[in-house]
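S.K.: Here is the input, now give the coordinates:
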Amino acid sequence: MAPSASYTPDERTKGNRLAKRTEYDADLVHFIINSTPILHVSFNAPSKSNDNSGGPQFPTILPMLGAIGQHPSDEEPHIYLHGSSAARLFRLTANDEIPLCVCGTILDGYVLALAPFHNSCNYRSAVCFGHGHIVTDPEEVEFALRLITNTTNPARWENSRSPPTKAELTSTGVLKMRIETASAKTRAGGPSDEKADLTNPEVVNKTWVGVVPTYLTLGEPIAGEENRLKQVPEYLQDWVADANSLNEQQAIDAVEGEGDYGKPKKRE
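M.R.: Numbering: from 1, shown residues only. You can find the predicted model right below:
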């Protein structure tokens, strides 16, 4: 998929309510997914054979670590997810593909209006649909694990013990999902109030309105008991500083709702 490509919407991703907030830009979708610390993965698990409730099948949602990347053998990016190889999701995909939905959401601010009904949030959210299967090729498994590691903690793969041991690889499963369709939805700006409230002195003179910017903040690294390095490595210091600066700026940009809000930004 070319960098400027967009996903084709279908009944799974087409924006209906507040459609103007929905975008299908691939770069934006990928940026949101790769900026979300924990993804939520939804799938339908078959009922257990001893389940005699007779009720409807319930969907399952799992919090998982994952990232979007393009393996050299592929023509387009895929979503890679990892977890315990013994987990139900990995057992279900051992011999076949199954439908998956992957979602990532970033909260950028609490929007406080004159009336609670008009309170809202500034946010960026991406939803991807496709079919997932187990990755069995050892080289691609290592590619996926490096991708997920470095997307979560930049340069960590190269600055820690790698590659994984045979035992680690045996206990770890990697899922790969081709993105069949995807969309992003964002909300930016300040409160949107009723005209009657805006012209009512009793309301506007006693109620604070605006946005409380909200963003993930990384704290100062705390050494573990077995740590032998006297100083925090530069790559970790840079990651903490850069992430905090970028996250804060995105939240502030969301208040204005203009410019490049929500779009990928390169690290300086």
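
S.K.: The helix or strand Gly104 falls within pairs with which strands?
M.R.: When elements are defined using DSSP states H and E, Gly104 is found to belong to strand 98-112. Sheet neighbours of strand 98-112, with direction, are listed as strand 39-44 (antiparallel), strand 120-134 (antiparallel), strand 210-213 (antiparallel) (DSSP bridges).

S.K.: send the alpha carbons of the longest helix along the chain over as CSV?
M.R.: Of all the segments of type helix in the chain, defined by DSSP state H, the longest one is helix 234-256. Taking Å, rounded to 0.1, in the frame of the first residue of the first chain, the C-alpha atoms of helix 234-256 are listed here in CSV:
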residue,chain,number,x,y,z
GLU,A,234,20.7,7.8,26.5
TYR,A,235,18.2,6.0,24.2
LEU,A,236,15.9,5.6,27.2
GLN,A,237,16.3,9.2,28.3
ASP,A,238,15.6,10.4,24.7
TRP,A,239,12.5,8.2,24.4
VAL,A,240,11.0,9.5,27.7
ALA,A,241,11.7,13.1,26.8
ASP,A,242,10.5,12.8,23.1
ALA,A,243,7.4,10.9,24.0
ASN,A,244,6.3,13.3,26.7
SER,A,245,6.9,16.3,24.4
LEU,A,246,5.1,14.8,21.5
ASN,A,247,2.1,13.6,23.5
GLU,A,248,1.7,17.0,25.2
GLN,A,249,1.9,18.8,21.9
GLN,A,250,-0.7,16.6,20.3
ALA,A,251,-3.1,17.2,23.2
ILE,A,252,-2.6,21.0,22.9
ASP,A,253,-3.0,20.9,19.1
ALA,A,254,-6.3,19.1,19.6
VAL,A,255,-7.7,22.1,21.5
GLU,A,256,-7.2,24.3,18.5
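
S.K.: starting at the chain centroid, how far to that helix?
M.R.: The offset between the C-alpha centroid of helix 234-256 and the centroid of the whole chain comes to 16 Å, using CA atoms, centre = their mean, to the nearest Å.

S.K.: Run the angle between that helix and strand 120-134 for me.
M.R.: 130 degrees (axes from the mean of the first three to the mean of the last three CA atoms, to 10 degrees).

S.K.: re the thing from before, can you pull the buried residues of the strand holding Gly104?
M.R.: Using 16 or more other CB atoms under 10 Å as the burial criterion, the residues of strand 98-112 that qualify are 98, 100-109, 111-112. For the C-beta atoms, the positions are set from N, CA and C on the backbone; glycine is no exception.

S.K.: so what's the backbone phi/psi at Arg187?
M.R.: Per-residue torsions, Arg187: phi -130, psi 130 (degrees, to the nearest 10).
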